[in-house]
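1. Give me a model of this one.
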Amino acid sequence: MSIKEQLIEHCKQQQLETIKIPESTMVEIQNSANDYGAPKDRYDSYRNQLSRKRDMIAKQLQKANEQFVLLDRIDVSVELKKVEFGALVEASQQKLLIAISLGKVQLNDEEYFAISPAVPIYQAMDGKVVGEEFEFRGNSFKILDIS
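-> Just a heads-up that it's a prediction; the model follows:
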């Protein structure tokens, strides 16, 4: 298994852990509502509060699931030649996986950063190829490898 494949699998596992949090919170909210019983009247503020909280958590869960689907879409068999979604970019100062924003990821004693195409550093290197340089926040970076 290549480093890129290992990194994507590691990110998927991390995202699955992220998905578990809103799932368990929604179960707790539902159990709390069930324990509370039927609405006391049509202005039952506790039940309304639980409903709003459940809706908020449902949105978080949906976003976390969408992020997992994005990771799952990365085809590691395709060899990328430029910086784009799904690329593992080794730059002179750091290694970046262009996928979803997970931040720092440790794998095999190496430090990688999983970033989204929406972040500013990606905008600075979008479409660049090996050997090209880009500047971000006053720092120069050279692209050493893309896989």
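2. Report the mean confidence score over stretch 10-30.
-> Stretch 10-30 carries an average pLDDT of 92.
3. How is the protein partitioned into domains?
-> As assigned by automatic domain parsing, the chain contains the domains 3-72, 88-146.
4. quick one: average confidence on the shortest one?
-> Going back to what we said before, that points to domain 88-146. Mean predicted confidence for domain 88-146 is 95.
5. The longest strand anywhere in the chain: partners in the sheet, and parallel or antiparallel?
-> In the chain, assigned by DSSP state E, the strand with the most residues is strand 139-146. For strand 139-146, the paired strands and their directions (DSSP bridges) read strand 88-91 (antiparallel), strand 133-136 (antiparallel).
6. so of those strands, which one's packed in deepest?
-> Sort the strands paired with strand 139-146 by mean neighbour count, taking mean count of other C-beta atoms under 10 Å, and strand 88-91 sits at the top with a mean of 22. Yep, even glycine has a C-beta here, placed from its N, CA and C like the rest.
7. If anything else comes up later, I'll come back, but that's it for now.
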